[in-house]
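>>> Predicted model follows, preceded by the sequence.
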Amino acid sequence: MQELRGSADGVHYRQPWVVGVQEQIERLTKRVEEFEEVIKWVPVVNTKIQRLEAEVKALTVEVDNLTGQVYNLSVQVETLEKLWFD
């Protein structure tokens, strides 16, 4: 099956394989454009990851501090209980 196309220099026929190749090129071009959009977001995502890593580090330090405070308070409670009940 040949596809009939008009052109400035007259009518010519396109072979079916040519149509198939052109369609595949169009599909691949669309995929490349989609990947280009994804690639544009990579720096933004990397920045967000770095920010989240910094937040996690800060929160880890805070949790460590709070854990130390809880330990100190539990020691104080134990000391008070000994004084109170002895």
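That came in fine, so what should we check first?

>>> okay, and for the chain, where does confidence drop off?
Scanning the chain for pLDDT under 70 picks out the ranges 1-14.

>>> Would you map the strands across it?
All strands of the chain, identified by DSSP state E, fall at 3-7, 10-14.

>>> tally of neighbours for residue 19?
Neighbourhood size, residue 19 [other Cβ atoms under 10 Å]: 14. C-beta: built from backbone N, CA, C; applies to glycine.

>>> do you know how far it is from residue 26?
11 Å (Cβ to Cβ, to the nearest Å).

>>> likewise residue 85?
Residue 85 sits 84 Å away from residue 26, taking Cβ to Cβ as the criterion.

>>> So between those two, which is more surrounded?
Taking neighbours as other Cβ under 10 Å, residue 85 and residue 26 compare with residue 26 leading, 10 against 6.

>>> Now for the residue nearest to the spatial centre of the chain: which residues touch it?
With distances taken as Cα atoms, centre = their mean, the residue of the chain nearest its centroid is residue 45 (5.6 Å). By Cβ atoms under 8 Å, 6 or more residues apart in numbering, no residues touch residue 45.

>>> swap in residue 17?
By Cβ under 8 Å, 6+ apart, no residues touch residue 17.

>>> and what of residue 36?
By Cβ under 8 Å, 6+ apart, no residues touch residue 36.

>>> Count the neighbours of residue 86 for me.
Per other Cβ under 10 Å, the neighbour tally for residue 86 reads 5.

>>> any idea how far residue 52 is from it?
In terms of Cβ to Cβ, residue 86 sits 50 Å off from residue 52.
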